[in-house]
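1. From the sequence below, what's the structure:
(chains A and B)
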Amino acid sequence: MLTYIARKFLAMIPTLIGVSILVFVIFNVVGDDPVYLYLGKNATVEDVEIMRHSMGLDKPLWTQYLISMKELVTFNLGYSMSSKEKITDMFLNGAGPSIALTLPALFLYSGISIVLGLICAYWRGTWVDKMIAVLATVGMSISYVAVMIFAQYFLAFMPVEKWGVEIFPITGYENGFPDFIPYILLPNLITTFVALGYNTRFFRSIAVEEMNRDYIRTARAYGADTRTILFKHVLKNIMIPIIARVVVTLPFMITGSFLLEQFFVVPGLGYKLLHAIESADFKVVRTFTMLIAFLVVVTNSVADILNSMVDPRVKLS
Amino acid sequence: MSKTVLEVENLTTEFHVEAGVARAVDGVSFHLKEGETLGLVGESGSGKSVTSLSLMRLVPEPPGRILPSSKIRINGRDILKVSDREMQKIRGDEIAMIFQDPMTALNPVFTIGNQLSEVLRRHQGLNAQSARKRGVELLETVGIPAPKKRIDNYPHQLSGGMRQRAMIAMALSCNPKILIADEPTTALDVTIQAQILELINKLQKEIGMATILITHDLAVVAEVCDRVAVMYCGRIVEESDIFDLFEHPQHPYTRGLISSIPRIDDAEKGRGELYAIPGMVPDIHSLPDGCRFAERCFQAEARCRSENPVLRETADGRSVSCLFPLSKDGTLR
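-> Numbers count the residues shown, from 1 in each chain, chains lettered A, B, ... in the order given. Below you'll find the model as predicted:
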């Protein structure tokens, strides 16, 4: 098992190098010249030269690539062009709010929708199943943005305005535990509400397939009750699609939900990335892109390892 | 006279599907005595598997439905009237089942030992340790070599025959009074088939449980059964002692089935092509009036197409549902 894990992580290295080269090429060769983007059309030739030199863009491409790699590996990512902030700090400060804003929701909606999906699958075709299916479809049909606007208005703004009671803060964020908790409640509720419909339908469909398996009939034939069938026999068999779905969304959870952070003015990674894009902060955008790509690669390997733990048929070689 | 452990009366199971109501089992009645082996024979779609699932109350509802006029009594208790919770206690404990495909009938993500223990702990109230010990014993009983090692194997690590043995071990775990074996050898190699049948037969004698063997293979029936019920289109068309059935079948369908078994001396005795019953099994959604076999029967008359033959006892304690049962020499009686 340990050698399997070690091998999985070693196998990631070539993928990571490939990804980094790809991102580097996209930004440095295919993209616009960042110096012109940043200085604008009134820049003198001298300004451009100075800027180019200070950014190290006058060096050969492969040297630039190695420097950017060195920065990534040492996690010393240099400075943002627009805010002059250290990019490393931007990351460390932004990751916390982003994770707090979305990760609890991921666990909450995954848990609820797995249970709802299992219930629908067990009693499929009955009124319970049909009712949940209708509610899920209704939930799916409402736009994310609409939910955000309505929730922010009716649950945060209106109570303060009309009755002078604050249920949820309207916007903002505070660092440190437990000060941040009130600020993350509403965003997490919104994400849960929006994701619940999709995920319930997804987990229902894989659980229904599982309910038709012969071994479920065997379990029944030997007296298994509803709970044993659902939470032992079915659940362990659908762990692979569950892991795949949850793990695949993880990197995007960590980089934050752009919309949520924008609406609730939370200084998370998504918020910062949007501002970097607006101000053509080429270096920040490139580093973000690379980190998201890395997270995807890493979480996929983690998913493989988890799969081998839940399913004995996944080969350890 | 041994005790009757299972009585089935007028069992009718329907499926409500888009095309209409399909009556997969239509008024089936039979009984089973302690230690007896009853063969349930028929083509695919004759209702034998639905019959067995009905006996366990495992027909998926909806779309399936066992009509309330049906009665299934295990040791005198009508299991169609007990609660779901009661039924869970009966399944695996009083009545156990072996399935056709051992490849898919065991849960792939749990070890053999885990699945055995689950049953033992539920019905016998054993703790984890003693359940494991009993599990090893059971695996040994069904002839799995190195049971102490095998108990920690996952189903995919065992061969088909070994898996079916593990399945049998699970069925035996609580000494059930009735064992339903639904085509237990169909998915196995021929050499393994014989071993598995022999094992079921041997264990059955030791424990004294009654067995219903569901199969489409008359050769298998000839080998292990005491009595046979032949099913066609959801009904029992003939029920008889095993020797009498092969000696002189009374229903034309039974005779057709027996004639279509290839024999080793076919060529020697100058028999040409292997016999096949003409025609097809009628569509379950549009069953013909009268005898359901009439379309394919060599001796059907006009009366057969209008009058519904009922299963009636013939003189020698056998039953047949045919207006013109065959006599000993195979001609009209």
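2. By proximity to chain A, which residue of the stretch 151-300 of chain B wins?
-> Ranked by Cβ to the nearest Cβ, the top residue of the stretch 151-300 of chain B for proximity to chain A is B:Tyr154, at 4.5 Å. For every residue, glycine as well, the C-beta is placed using N, CA and C.
3. Phi and psi next, for the nearest residue in space to that residue that is not next to it in sequence.
-> If the residues on either side of it in the chain are set aside, B:Tyr154 comes closest to A:Pro312, at 4.5 Å by Cβ to Cβ, 6 or more residues apart in numbering or on different chains. With angles defined as degrees, to the nearest 10, A:Pro312 sits at phi -60, psi -20.
4. B:Asp152 is in contact with A:Pro312, correct?
-> No: with contact defined as Cβ atoms under 8 Å, A:Pro312 and B:Asp152 do not form a contacting pair (10.6 Å).
5. who's more crowded, the two?
-> Set side by side, A:Pro312 and B:Asp152 give different neighbour counts by other Cβ atoms under 10 Å in any protein chain shown, the larger being at A:Pro312 (17 against 12).
6. and the helix or strand hosting A:Thr192, does that touch chain B?
-> When secondary structure is defined by DSSP states H and E, A:Thr192 falls within helix A:181-211. No: Helix A:181-211 is not in contact with chain B by Cβ under 8 Å from any Cβ of the partner chain; minimum separation 9.1 Å.
7. pLDDT averaged over the next helix or strand after that helix - what is it?
-> Per DSSP H and E, helix A:181-211 leads on to helix A:214-221 as the next helix or strand towards the C-terminus. In this model, helix A:214-221 carries a mean pLDDT of 91.
8. Helix A:214-221 vs helix A:181-211, what angle?
-> In terms of direction (axes from the mean of the first three to the mean of the last three Cα atoms, to 10 degrees), helix A:214-221 departs from helix A:181-211 by 90 degrees.
9. Any part of helix A:214-221 near chain B?
-> Yes: counting by Cβ under 8 Å from any Cβ, chain B is contacted by helix A:214-221 at A:214-215, A:217-221.
10. quick one: contacts for the residue nearest to B:Tyr154?
-> Taking Cβ atoms under 8 Å, 6 or more residues apart in numbering or on different chains as the definition of contact, the neighbours of A:Pro312 are B:108-109, B:154, B:156.
11. What is the subsequent helix or strand relative to the strand or helix carrying A:Gly18?
-> When elements are defined using DSSP H and E, A:Gly18 is found to belong to helix A:2-25. Per DSSP H and E, helix A:2-25 leads on to helix A:34-39 as the next helix or strand towards the C-terminus.
12. what's in contact with that next one?
-> Outside helix A:34-39, the residues that reach it (Cβ under 8 Å, 6+ apart) are A:43, A:47-48, A:51-52, A:55, A:57, A:81, A:280, A:282-283.
13. can you check stretch A:187-203 too?
-> Residues from elsewhere that reach stretch A:187-203, judged by Cβ under 8 Å, 6+ apart: A:101-102, A:104-106, A:108-110, A:112-114, A:116-118, A:120, A:132-133, A:135-142, A:144, A:147-148, A:151, A:238, A:242, A:245, A:257, A:260, A:264, A:266.
14. I'd like the distance between B:His309 and B:Ala300.
-> For residue B:309 the amino acid is Pro, not His. For B:Pro309, the distance to B:Ala300 under the criterion Cβ to Cβ, to the nearest Å works out to 11 Å.
15. between the two, which one's more packed in?
-> Set side by side, B:Pro309 and B:Ala300 show more neighbours around B:Pro309, with 21 against 18, by other Cβ under 10 Å.
16. measure the residue nearest in space to the middle of chain B to B:Met231 for me?
-> Central residue check for chain B by Cα atoms, centre = their mean: the C-alpha nearest the mean position is that of B:Ile214, 2.3 Å away. From B:Ile214 over to B:Met231 the distance is 9 Å, taken as Cβ to Cβ.
17. residue contacts, A:Ser98?
-> Shown here is A:Ser98, whose contacts under the criterion Cβ under 8 Å, 6+ apart are A:253-257, A:261, A:266, A:268-270.
18. Quick check: phi and psi on it?
-> Reported as degrees, to the nearest 10, the phi and psi values for A:Ser98 are phi -60, psi -50.
19. same deal with A:Trp62?
-> With angles defined as degrees, to the nearest 10, A:Trp62 sits at phi -70, psi -30.
20. thinking again about what came up before, name the nearest of the contacts of A:Ser98 relative to chain B.
-> For the contacts of A:Ser98, the closest approach to chain B (Cβ to the nearest Cβ) belongs to A:Met253, at 27.4 Å.
21. where's the closest one, which helix or strand?
-> A:Met253 belongs to helix A:239-254, assigned by DSSP H and E.
22. How about that helix, which residues are buried there?
-> The neighbour-count check on helix A:239-254 (16 or more other Cβ atoms under 10 Å in any protein chain shown) flags A:239-243, A:245-247, A:249-254 as buried.
23. Lowest-confidence one in those residues?
-> Lowest model confidence among the buried residues of helix A:239-254 falls on A:Ile254, which carries 71.
24. How about the residues of the stretch 101-250 of chain A by chain B?
-> If contact is defined as Cβ under 8 Å from any Cβ, the residues of the stretch 101-250 of chain A in contact with chain B are A:125-126, A:213-215, A:217-225, A:228, A:232-233, A:236-237.
25. in the stretch 151-300 of chain A, what residue is nearest chain B?
-> Nearest residue of the stretch 151-300 of chain A to chain B: A:Tyr222, at 3.5 Å (Cβ to the nearest Cβ).
26. export the residues of helix A:214-221 next to chain B to a markdown table and tack on neighbour count?
-> Conversion of those to a markdown table gives the following (neighbours: other Cβ atoms under 10 Å in any protein chain shown):
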| residue | neighbour count |
| --- | --- |
| A:Asp214 | 16 |
| A:Tyr215 | 21 |
| A:Arg217 | 19 |
| A:Thr218 | 25 |
| A:Ala219 | 26 |
| A:Arg220 | 24 |
| A:Ala221 | 26 |
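27. Which of those residues sits closest to B:Gly272?
-> In terms of Cβ to Cβ, no member of the residues of helix A:214-221 next to chain B lies closer to B:Gly272 than A:Asp214, at 40.9 Å.
28. quick one: low-confidence parts of chain B?
-> Residues of chain B meeting the criterion pLDDT under 70: B:1, B:266-267, B:270-271, B:315, B:328-333.
29. Could you rerun that using 50?
-> B:332-333 (pLDDT under 50).
30. What residues does it have near chain A?
-> Counting by Cβ under 8 Å from any Cβ, the residues of chain B that sit close to chain A are B:56, B:58, B:62-63, B:85, B:88-93, B:96-97, B:99, B:101, B:104-110, B:118-119, B:122-123, B:154, B:156, B:167, B:170.
31. For the buried ones among these, write the corresponding PyMOL selection.
-> Buried residues among the residues of chain B next to chain A (16+ other Cβ under 10 Å), as a PyMOL selection:
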select buried, chain B and resi 56+58+88+90+91+92+93+96+97+99+101+104+105+106+107+108+109+110+118+119+122+123+154+167+170
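32. The residues of chain B next to chain A in helices, which ones?
-> If you go by DSSP state H, the residues of chain B next to chain A have B:85, B:88-90, B:104-105, B:118-119, B:122-123, B:167, B:170 in helices.
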